[in-house]
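In: No sequence on hand, only this structure:
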């Protein structure tokens, strides 16, 4: 990853399937950084595609998947995870020879397996997951700097073409992301704790609070529940896709809260302090503010 | 609250006991807005008091509580909650006649009871709780705009002097806060959900995550655990002060997570979606972003 470059960038044509917040931001970034000569967007609604053109996120847009990918050197799937395998299957024999495909899905094990199966020898596939986004959605919220400084996972397997992997890494790096390679299953285990569980917990905090308590929310509550304002459809998909790992993570936090409940019930001050100190130390060490 | 004003502002002398983030920000704001002719800071360490003077948060500082409050028309307690009653007791007969006292404590029921008892007929007391602060601490982090736009609770009881209440409300409004009056016990019930529980949950998210998952944290995890970087000592005090209400709130979120665990285990998609949608709707309605 890094170094001399593959000589592939800039791409001639990149097709982005799904022109929402992530797809739109990718289009803006590719165009503004000169990483693609032409960006084609594939959407489900004409209005969204037109808006993406208007905002400069894509050069041209279409609702026709097979037409959209017909000249693409690189296809990026930026739809909800659960739609991706079927879209790839529908696009597969319309792709030019040697085409490369990646995706921006938040879960990887099942998805990578599914997309590798569809790819076969028809196209080269490498899984990606840029840790960028927000609780907002739609191309109107897109930003060319979305990936700048973000962590981006790539999830190669034994079947991954190494040259394709190098190109995908180079792409994300050119967009400003810090690229890290993870096994797909390992990705899902770690992201269950780092991303999917926090989403559920944020929603649980909101759902647990009576309305008059929500009206008392200050900056702490606002930040700690921000992600609960994310797209429910998208997050329901992610949580069910990563069900097994997420259940393990839920069991962990349930155990933490049971322990804590007992500590507070019995006013065990030293233990409470130790528990809060260990959280602060871990967060201050690992998570940049 | 509001309207013509009491004619009391600007104060001649305000004493701030505790010159950390909140006390320091209060001093800066009082001085910059001309709400006090003189601000005296009372600290525990000479270095902190000197630094507060240097930063312009106070006009003068002392380690001697009784000397510090001797000319104060208004005393604001801005120390950890658990120290406040003893400090008020130690200061009580050094206060000038007719002095007014308030505090910025995050829990109110026990504190207000304790401070009202100390006050007796020796000084007038009104509880306050400005919802401002951050995970940072110390006077170096102080900001004169900290209370601007913040929600600030005042917690009068049947014993509260109405004129004193009006002055305290006027003070917080003059600092830019939105003032809301709540019964102390009701305050603690609501804040258990809006503030204390989110702190514990943020710490539980960090403690539940394996270190390699923490290293994968993106913006979602960072925001949802920000408050876990708060001062452990301060938050241990708050949690134990509000133990009974917090236990009720913990039971609520434990119930939420149990329900959710079962929903995900059984892949009940419609229920999961409904559960996420209700959280999003409540947050979008009640919590400003």
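Out: Structure received. Values in this document were obtained by computation on a predicted structure and should not be read as measured data.
In: Quick one: list the elements packing against the longest helix seen in chain A.
Out: Counting residues, the longest helix found in chain A (DSSP state H) is helix A:243-265. Helix A:243-265 sits against helix A:184-191, helix A:197-208, helix A:269-286, helix B:197-208, helix B:243-265, with contacts defined as 3 or more Cβ pairs under 8 Å, 6 or more residues apart in numbering or on different chains; DSSP states H and E. In this view, the C-beta of every residue, glycine as well, is placed from N, C-alpha and C.
In: can you redo those helices as a markdown table with distance to residue B:109 and mean neighbour count?
Out: Putting those into a markdown table (distance: least, Cβ to Cβ, whole Å; neighbours: other Cβ atoms under 10 Å in any protein chain shown) gives the following:
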| stretch | distance to residue B:109 | mean neighbour count |
| --- | --- | --- |
| helix A:184-191 | 41 | 22 |
| helix A:197-208 | 21 | 27 |
| helix A:269-286 | 19 | 18 |
| helix B:197-208 | 16 | 27 |
| helix B:243-265 | 8 | 19 |
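In: how about the ones you listed, which one is nearest residue B:38?
Out: Smallest distance to residue B:38 across these (Cβ to Cβ): 35.5 Å, for helix B:197-208.
In: hmm, who's touching the closest one?
Out: A:193, A:197-198, A:201, A:205, A:208-209, A:220-221, A:224-225, A:249, A:252-253, A:255-257, A:260, A:275-276, A:278-280, A:282-283, B:214, B:221, B:224-228, B:230, B:235, B:238-239, B:246, B:249-250, B:253 (Cβ atoms under 8 Å, 6 or more residues apart in numbering or on different chains).
In: helix or strand right after it?
Out: Next helix or strand after helix B:197-208 toward the C-terminus (DSSP states H and E): helix B:211-214.
In: Return the set of buried residues in that next one.
Out: For helix B:211-214, a neighbour-count test (16 or more other Cβ atoms under 10 Å in any protein chain shown) marks B:213, B:214 as buried.
In: can you give me the mean pLDDT across that helix?
Out: For helix B:211-214, mean pLDDT rounds to 94.
In: wait, does that helix contact chain A?
Out: Yes - with Cβ under 8 Å from any Cβ of the partner chain as the criterion, chain A is reached by helix B:211-214 at B:211, B:212, B:213, B:214.
In: Please work out which residues outside that helix touch it.
Out: A:189-194, A:282-283, A:285-287, B:206, B:221.
In: I'd like to know which of those residues is nearest to residue A:93.
Out: Nearest to residue A:93 among these is residue A:191, at 32.2 Å by Cβ to Cβ.
In: Give me the nearest residue to that closest one, chain neighbours excluded.
Out: Nearest residue to residue A:191, sequence neighbours excluded (Cβ to Cβ, 6 or more residues apart in numbering or on different chains): residue B:216, at 6.4 Å.
In: quick one on the thing from earlier: and the contacts of the longest helix of chain A?
Out: A:188-189, A:191-193, A:196-197, A:200-201, A:239, A:268, A:271-272, A:275, B:200-201, B:204-205, B:207-208, B:239-240, B:243, B:246-247, B:250-251, B:253-254, B:257-258, B:260-261, B:264-265, B:267.
In: okay, how far is it across stretch A:57-76, tip to tip?
Out: 14 Å (Cα to Cα, to the nearest Å).
In: which residue ranges form the helices in chain A?
Out: A:21-32, A:46-54, A:65-69, A:81-91, A:109-119, A:162-174, A:184-191, A:197-208, A:211-214, A:219-224, A:232-241, A:243-265, A:269-286.
In: circling back to that earlier point, how far is the longest helix of chain A from where the chain is centred?
Out: 25 Å (Cα atoms, centre = their mean, to the nearest Å).
In: quick one: average confidence on that helix?
Out: 97.
In: Also stretch A:273-286?
Out: So the average pLDDT for stretch A:273-286 ends up being 96.
In: With stretch A:112-130 instead?
Out: Per-residue scores along stretch A:112-130 average to 97.
In: Quick check: buried residues in it?
Out: A:112, A:114-116, A:118-119, A:123-130.
In: Repeat that for stretch A:228-240.
Out: A:228, A:229, A:230, A:231, A:232, A:234, A:235, A:236, A:237, A:238, A:239, A:240.
In: near chain B, from those residues?
Out: Within the buried residues of stretch A:228-240, those near chain B by Cβ under 8 Å from any Cβ are A:228, A:229, A:230, A:232, A:235, A:236, A:239, A:240.
In: Closest one to residue A:53 out of those, please.
Out: The closest of those, once distances to residue A:53 are taken by Cβ to Cβ, is residue A:230, at 26.2 Å.
In: I'd assumed residue A:106 was in contact with the closest one.
Out: No - the criterion here is Cβ atoms under 8 Å, and residue A:230 misses it with residue A:106 at 10.8 Å.
In: and the closest residue to chain B within the stretch 1-150 of chain A, how many residues sit next to it?
Out: Chain B sits closest to residue A:131 of the stretch 1-150 of chain A, with a gap of 3.3 Å, by Cβ to the nearest Cβ. By other Cβ atoms under 10 Å in any protein chain shown, 22 other residues sit near residue A:131.
In: quick one on the thing from earlier: can you list the contacts of helix B:211-214 in a markdown table and add distance to residue B:39?
Out: Below are these laid out as a markdown table (distance: Cβ to Cβ, whole Å):
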| residue | distance to residue B:39 |
| --- | --- |
| A:189 | 53 |
| A:190 | 49 |
| A:191 | 49 |
| A:192 | 50 |
| A:193 | 46 |
| A:194 | 44 |
| A:282 | 38 |
| A:283 | 34 |
| A:285 | 37 |
| A:286 | 39 |
| A:287 | 36 |
| B:206 | 37 |
| B:221 | 39 |
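In: Perfect, I'm done here.
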